[in-house]
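J.: Here is a sequence with its predicted model. Questions after.
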Amino acid sequence: MTNIISVRDTSPLIDPSCWLAPTATIIGNVVLEADCTVWFGAIIRGDVCSIHIGEKCNIQDGVIIHGTYNKSNTVLDQCVSVGHGAVLHGCHIKSNVLVGMKAVIMDHAVVESNVIVAAGAIVLEKAVLESGYIYAGVPAKKVKKLDTEVAQFHISRTADVYLKYADWYRDDS
């Protein structure tokens with residue numbers, strides 16, 4: 001069963017349409033809006049800061065989402081896919097973003113809409129990633145303009161397929 005833990009008199013608020021893996025952990029001041037999925041081993045830890053995750057976001061296996069006490073909350077707008085093992089820490093990810101596997105996005109960074117953050121990229125504190133590009137590297141740098149069709153395929157398709165995958169588990173329960 002999913003670990004949903006209250007802390008400091010605050011409990012997560014989770015829309016009933018969300019699917020949560022049995023080994024996911026969601027703690028404290030966390031909001032999950034409609035149609036989110038949280039996968040195996042993911043930890044969303046709102047014990048020292050607030051975490052707000054908008055509609056149709058998928059938080060894949062082993063992701064860690066946190067922030068810094070009295071310094072940085074974490075916000076994901078709509079249709080954000082966070083790849084396996086990524087770390088989001090006190091940042092703002094706007095709508096229609098794909099965060100690659102093992103990427104790290106630090107405090108007060110802002111990822112504008114329609115961005116792909118490549119696998120393994122490290123987005124430094126206070127960085128602002130401009131809309132319409134792929135960012136990669138350590139530290140993450142703009143590497144390529146996103147073709148609209150490519151962006152649509154990778155970003156929207158990922159969000160859609162994770163809702164489909166969640167239905168497989170709902171059907172088997």
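T.: Perfect, thanks for sending it.
J.: From now on I want contacts and neighbour counts done on CA atoms only, so please keep to that.
T.: Fine.
J.: got the contact list for C57?
T.: D35, C36, T37, L76, Q78, C79, V80, S81, V82, A159 (CA atoms under 8 Å, 6 or more residues apart in numbering).
J.: Kindly report the same for G62.
T.: Taking CA under 8 Å, 6+ apart as the test, what G62 contacts is W39, F40, G41, A42, I43, H84, G85, A86.
J.: worst-scoring helix or strand of this protein, pLDDT-wise?
T.: Among the helices and strands of the chain, helix 148-151 carries the lowest confidence by mean pLDDT, DSSP states H and E, at a mean of 82.
J.: What are the buried residues along that one?
T.: Within helix 148-151, the residues that qualify as buried by neighbour count (16 or more other CA atoms under 10 Å) are A151.
J.: just checking, what packs against that helix?
T.: Helices and strands touching helix 148-151, as assessed by 3 or more CA pairs under 8 Å, 6 or more residues apart in numbering; DSSP states H and E, are absent.
J.: low pLDDT regions in this structure?
T.: 171-173 (pLDDT under 70).
J.: Taking the centroid of it, which residue is nearest it?
T.: Centroid check for the chain by CA atoms, centre = their mean gives V82 as the closest residue, at 4.3 Å.
J.: any idea how far it lies from V99?
T.: 5 Å (CA to CA, to the nearest Å).
J.: Which other helices and strands does the longest strand seen in the chain contact?
T.: In the chain, with assignment by DSSP state E, the single longest strand is strand 43-53. Here strand 43-53 touches strand 25-32, strand 64-66, strand 74-76, going by 3+ CA pairs under 8 Å, 6+ apart.
J.: Make CSV from these and add distance to W168 and mean neighbour count to it.
T.: Output for these, formatted as CSV (distance: least, CA to CA, whole Å; neighbours: other CA atoms under 10 Å):
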stretch, distance to W168, mean neighbour count
strand 25-32, 20, 23
strand 64-66, 24, 23
strand 74-76, 25, 24
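J.: Can you say which of those is nearest to K56?
T.: Taking CA to CA, strand 25-32 is the member of the helices and strands packed on strand 43-53 nearest to K56, at 9.4 Å.
J.: dump the residue contacts of the residue nearest to H154 when sequence neighbours are not counted.
T.: Among residues not flanking H154 along the chain, L98 sits closest, at 7.6 Å (CA to CA, 6 or more residues apart in numbering). Shown in contact with L98 (CA under 8 Å, 6+ apart): V80, S81, V82, G83, V115, I116, V117, H154, I155.
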